[in-house]
Each structure stands twice: as C-alpha cells, then as structure tokens.
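next comes the sequence, and after it the predicted model I'd like to discuss.
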Amino acid sequence: MEYKKFGDFAKESAILDGNKLSMSEIINREILIIGYRLAESKYSKNNNPKCLTLHIELDAMRFVVFTGSVILIEQIEKYKDEIPFLATIKQIDKYYTFS
C-alpha cells in the first residue's frame, strides 16, 4: 500500500533555524536573505503591529533576526520573489533599510 508523506499535503510554514542575532550585529555587513516570516508583534512599537523575522546566512552560518522596522517589512514584502538575495542593512537615523 502506498502512503502519503506529510510533506506532500502539509502547508506549514518553513522552520527558520539558527541562533538569534540582534540588528546591531549585522548592520553594515553583507548578509544572504534566505527567508522571512511576518507575524503579529508581541511588543507593538510606534503603532506597528507586525514583527519581521529574517532568516539569514552570515559567514556560512544560519541565523534569525527579529525587527519591527516598517521600512524593512515593506521592502521584504515588495521583493520577496527575489529571495534568496544578498543585502546590507544600513541604519539611517532611527530607521533600517536594505541596500
């Protein structure tokens, strides 16, 4: 008898593996964006109810980075079809942006 495999029918979100990094650890460093997840934030700041989890590679290791940056959220949603891509996150005043 042929059985179905869980992966054939499950529509679960991909697991984002890796240790957590802070934004300050990746600012001005080239990273490989390999995935992301957007969810409701537990700590809503500046009237932004969303939290972006970036799944990245840095120095051949995988990490996750959490942010509520509205600009990064807008950019990742706009360019999600281009993932994976290399980027550098810059801090301009109080804002983060891909470059």
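Perfect, thanks for sending it.

can we go C-alpha only for contacts and neighbour counts from here?
Will do.

and the pLDDT for Gly18?
pLDDT for Gly18: 87.

again, but for the one 4 residues further on
The predicted local distance difference test score for Ser22 is 95.

go on, Gly35?
pLDDT, read off for Gly35, is 93.

may I have the beta-bridge partners of the residue nearest to it when sequence neighbours are not counted?
Of all residues not flanking Gly35 in the chain, His55 sits nearest, at 4.8 Å (CA to CA, 6 or more residues apart in numbering). Counting by DSSP bridges, His55 is bridged to Gly35, Val64.

check Thr88 too.
Glu30.

what is the neighbour count of it?
Residues within reach of Thr88, counting by other CA atoms under 10 Å, total 16.

and Ile71, by the same measure?
Other residues close to Ile71 by other CA under 10 Å number 13.

count the residues that sit near the residue nearest to Gly35.
Residues near His55, counting by other CA under 10 Å: 24.

just give the nearest non-adjacent residue to the most centrally placed residue in the chain, would you?
The residue lying closest to the centre of the chain (CA atoms, centre = their mean) is Leu54, at 1.4 Å. Counting by CA to CA, 6+ apart, Tyr36 is the residue found nearest to Leu54 once chain neighbours are left out, at 4.5 Å.

surely that neighbour and Phe63 touch.
No - applying CA atoms under 8 Å as the test, Tyr36 and Phe63 come out as separate, 11.2 Å apart.

now the common contact residues for the two.
Counting by CA atoms under 8 Å, 6 or more residues apart in numbering, the residues touching both Tyr36 and Phe63 are His55.

which helix of this structure spans the most residues?
Ranked by number of residues, the top helix in the chain under DSSP state H is helix 70-78.

show me how far that one is from its chain's centre.
How far helix 70-78 lies from its chain's middle: 10 Å, per CA atoms, centre = their mean, to the nearest Å.
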